[in-house]
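J.: Fold the stuff below for me.
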Amino acid sequence: MRVCAAVLGLCLALILMEAVVRTLDGYPVFSRQLPATRAAAPRTEAPGTPVLEYVRGLPLADGVNRDWFNRSPAPLPRPPLSPELAAVAEQIRPLTVSSEMFKRWNTRFIQERVCGGDPFFRQFPGFAFSYDPPEPSALPPYRYLADVATPYGLVTNRLGFRGHEISPDKPDHVIRIAFVGASTTVGSRSQPFSYPEFIEPWFNLWAQANAPGVRFEIVNAGREGISSPDIAAIVRQDVAPLEPDLIIYHEGANQFTFRELIEEAGEAIVVPSAVDSRTPLPGSEHFALIRRTDVLFQRMGRNAGAEPRKPPYRLKWPASVDEAHPNPDAPLLPLHLGQVVSDLDDMGRTAATGGATLVVTSFVWMVKDGLIVDRVNQGALYTLLNLRHWPARYADIRRMADFQNRVFRAYADSRHVPFVDVAASFPLDAALFADPVHMTPDGDRLRAWIVFQGLVPLVQERLAAEQLPRRDREPFVATPEPTTLPRAALECRDFSRHVLVAGALTLGGLRANNAAASVSGDRPARVITPTARYAYAAEAPIAASARKPEPGVVHVRLRVLSGQVTVGVLNPARSAFLFSSTLVASAEHTDLYLPIRRSRTRVS
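T.: Numbering: from 1, shown residues only. Sure, this is the predicted structure:
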């Protein structure tokens, strides 16, 4: 009887403990199957205690009150979807690209991707909302739908930017600041505010005390997944017509790769499919107690959140680049910084034409040598650092991030444009990050505060010189919006209207450009690529007769017999693809249509 009573008491204790743990962890108490993730904690807009400590340690710009840090923007209204969008939202609910349907895609971009064999649009339900670009270019790839509160959190104004409504024509006594960049600028759809949105109420509080009668407006022109050529196009097409006074460039992630500098050092470099993967404990899908035990094992297991072992390698630093004191115009800048510099120049010219000032910022990467990560609560940080940049060690990622910021500063100095050093003031505290570059709400608020402190002296100087505020110079020319959103069929158009340039590209001109590669035959040519990843195998120059300023298309018909290959159009420096498509082994031939946008290119 005593044994039975003890067993019964133990079972009751376990049941009670299970109920308590489920309650504490946010799981349903009476559910047989636990959700894959815990219920999110109630969201609060008030900053947490740790970030307030960091703010107390930062210097203040003139006229700024530290208490303003606690002020949040007004919440945005969320009107219901139109019947058209509500029907589409229901149609795409089971698809993996649901949020991508709430964008208007550049028709030229659609054609490039569909005709180039890119599988992205194959996930769409046969169409995409579209627009014809104002320039003959596939850049940028998309715009957000205008005046929509999407089911995924993003709320846009009538101009298609994240945030509240603004008048396209800048009102009198308004200083308009546009923020451009990628996902770190537009912000997470799941968070109530992006970092630029915090800055507007702070600037207006500053104006009340220091510049009565002046009002500030913020335009968040960021879009996720884009790079500097797209951002330059956005500045030309969508930002410049709004006549901003300042244009803030903040980006440093989507072109951040240095695999071309990595050289094997005795051990083959193979990118793993996962980092230290493990199987959850049996029963963790049903019992919160077992799941907690599983979490404990994850935190105490192999590496315990430290950097995993990686194969040895060497970094081949370009001889033409001074790492400590970089010249932004030096050839062969790593991290695609040559392209970034060229696009910053384009943005600077666009800004100057409209009387605006381009402002460059440094970029924050959450990485450092010896970093220990909580792999349960910071799994994305750990995974992205170790998979996306494999086999790069944390110390080298930090080294490259610091180098990138030195280039940004050197660029600003050489072009005499303002520079805001966000990275110098931002603490490398993993609790402020969702992954290596995206931040938590507190992290975004702190980034906004640092940018705000950097912009106040610039605005103060322009106000004193009576350069701000500036009157609107030209009426905004609005494009009439259709009653229903245009839709593009996801099919490759007929290219017969293009004029065929005889001899523009011949298989006879295809040559191996790597000692480990070979090219044989003529019709068809057979290319054997090197076994090393990211190595060019062969290239064929495009004839001078085809090097024209008008956009063109290279038609390539090929079949991959084994492995995977990337075929693309190289830039003149032969350092990066202007456009490329990656294909895997197949029994069928594929027709690729590779766009040419510039006069000096070659196919590789």
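J.: okay, CA-based contacts and neighbour counts for the rest of this
T.: OK.
J.: show me where the stretch 1-150 of the chain has helices.
T.: For the stretch 1-150 of the chain, the helices defined by DSSP state H, counting those that start in this stretch cover 2-25, 49-56, 83-91, 107-115.
J.: Now do residue 364 against residue 577, distance only.
T.: To residue 577, residue 364 is 26 Å away according to Cα to Cα, to the nearest Å.
J.: Who has more neighbours out of these two?
T.: The residue with more neighbours, out of residue 364 and residue 577, is residue 364; 27 against 19, by other Cα atoms under 10 Å.
J.: Could you list which residues are in contact with that one?
T.: Applying Cα atoms under 8 Å, 6 or more residues apart in numbering to residue 364 gives the contacts 401, 422-423, 426, 437.
J.: Let's see that with 10 Å instead.
T.: Counting by Cα atoms under 10 Å, 6 or more residues apart in numbering, residue 364 touches 184, 250-253, 401-402, 405, 421-428, 436-439, 447.
J.: Please apply the same query to residue 109.
T.: By Cα under 10 Å, 6+ apart, the residues touching residue 109 are 115, 130, 132-133, 137-142.
J.: Starting from the helix or strand harbouring residue 248, tell me which strands it pairs with and how they run.
T.: Residue 248 is located in strand 246-250, with elements delineated by DSSP states H and E. Paired strands of strand 246-250, with direction, are strand 174-181 (parallel), strand 357-361 (parallel) (DSSP bridges).
J.: Please list the outside residues in contact with the shortest one.
T.: Okay, so that is strand 357-361. With contact meaning Cα under 10 Å, 6+ apart, strand 357-361 is reached by 177-179, 244-252, 344-345, 347-352, 405, 408-409, 411-412, 416-423, 451, 454-455, 458.
J.: swap the cut-off to 6 Å and go again
T.: If you take Cα atoms under 6 Å, 6 or more residues apart in numbering as the criterion, strand 357-361 is touched by 246-250, 348, 351, 418-421.
J.: Check those residues and tell me the two furthest apart.
T.: Farthest pair in the contacts of strand 357-361 (Cα to Cα) is 351 and 421. Separation: 20.6 Å.
J.: circling back: for the helices of the stretch 1-150 of the chain, which one ends up most surrounded?
T.: Highest mean neighbour count among the helices of the stretch 1-150 of the chain (mean count of other Cα atoms under 10 Å): helix 107-115, with a mean of 22.
J.: and residue 589, which of the strands paired with strand 246-250 is closest to it?
T.: Across the strands paired with strand 246-250, closest to residue 589 is strand 174-181 (Cα to Cα), at 38.2 Å.
J.: circling back to that earlier point, considering the helices of the stretch 1-150 of the chain, which stretch scores lowest in mean pLDDT?
T.: Ranked by mean pLDDT, the helices of the stretch 1-150 of the chain bottom out at helix 2-25, which scores a mean of 68.
J.: dump the residue contacts of residue 583.
T.: Shown in contact with residue 583 (Cα under 6 Å, 6+ apart): 564-565.
J.: Offset the numbering so it begins at 42, please.
T.: Fine by me, first position is 42 from now on; the one you just mentioned is residue 624.
J.: just to revisit the earlier point, closest one to residue 376 among the helices of the stretch 42-191 of the chain?
T.: Proximity to residue 376 (Cα to Cα) singles out helix 148-156 among the helices of the stretch 42-191 of the chain, at 24.1 Å.
J.: so how far is that closest one from its chain's centroid?
T.: The chain centre lies 20 Å from the centre of helix 148-156; the measure is Cα atoms, centre = their mean, to the nearest Å.
J.: still on that earlier bit, can the contacts of strand 398-402 go into a markdown table with extra columns for distance to residue 49, pLDDT and neighbour count?
T.: As requested, the contacts of strand 398-402 are exported to a markdown table (distance: Cα to Cα, whole Å; pLDDT from 0 to 100; neighbours: other Cα atoms under 10 Å):
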| residue | distance to residue 49 | pLDDT | neighbour count |
| --- | --- | --- | --- |
| 287 | 71 | 98 | 21 |
| 288 | 69 | 98 | 25 |
| 289 | 66 | 98 | 24 |
| 290 | 65 | 98 | 26 |
| 291 | 62 | 98 | 21 |
| 389 | 75 | 98 | 20 |
| 392 | 76 | 98 | 23 |
| 459 | 72 | 98 | 19 |
| 460 | 69 | 98 | 22 |
| 461 | 66 | 98 | 23 |
| 462 | 64 | 98 | 20 |
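J.: how is the protein carved up into domains?
T.: 114-190+519-534, 548-644 (automatic domain parsing).
J.: Distance to residue 91 for the ones you listed - can I get that in JSON lines?
T.: Below are the domains of the chain laid out as JSON lines (distance: least, Cα to Cα, whole Å):
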{"stretch": "domain 114-190+519-534", "distance to residue 91": "21"}
{"stretch": "domain 548-644", "distance to residue 91": "42"}
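J.: Which of the ones you listed has the lowest mean pLDDT?
T.: domain 548-644 (a mean of 74).
J.: can you pull the pLDDT of residue 476?
T.: For residue 476, the pLDDT comes out at 96.
J.: For residue 254, see how far away it is.
T.: For residue 476, the distance to residue 254 - Cα to Cα - is 41 Å.
J.: May I see the helices of the stretch 42-191 of the chain organised as JSON lines, with distance to residue 595 added?
T.: What follows is the helices of the stretch 42-191 of the chain, written out as JSON lines (distance: least, Cα to Cα, whole Å):
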{"stretch": "helix 43-66", "distance to residue 595": "56"}
{"stretch": "helix 90-97", "distance to residue 595": "53"}
{"stretch": "helix 124-132", "distance to residue 595": "35"}
{"stretch": "helix 148-156", "distance to residue 595": "11"}
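J.: dump the residue contacts of the residue nearest to residue 259 when sequence neighbours are not counted.
T.: Of all residues not flanking residue 259 in the chain, residue 218 sits nearest, at 5.1 Å (Cα to Cα, 6 or more residues apart in numbering). Residue 218 makes contact with 259, 285-287 under the criterion Cα under 6 Å, 6+ apart.
J.: which among those residues end up buried?
T.: The neighbour count (16 or more other Cα atoms under 10 Å) marks 259, 285-287 as buried among the contacts of residue 218.
J.: how about those residues in TSV, adding distance to residue 351?
T.: Formatted as TSV, these follow (distance: Cα to Cα, whole Å):
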residue	distance to residue 351
259	44
285	47
286	47
287	44
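J.: Poorly predicted segments of the stretch 192-341 of the chain, please.
T.: For the stretch 192-341 of the chain, the stretches flagged by pLDDT under 70 are 309-322, 324-341.
J.: What are the boundaries of the helices in it?
T.: Going by DSSP H, counting those that start in this stretch, the stretch 192-341 of the chain shows helices at 224-227, 236-251, 269-275, 329-341.
J.: Residue 382: neighbouring residues, count only.
T.: By the measure other Cα under 10 Å, the count of residues near residue 382 is 18.
J.: now do the one 5 residues further on
T.: Around residue 387 sit 18 other residues, with neighbours defined as other Cα under 10 Å.
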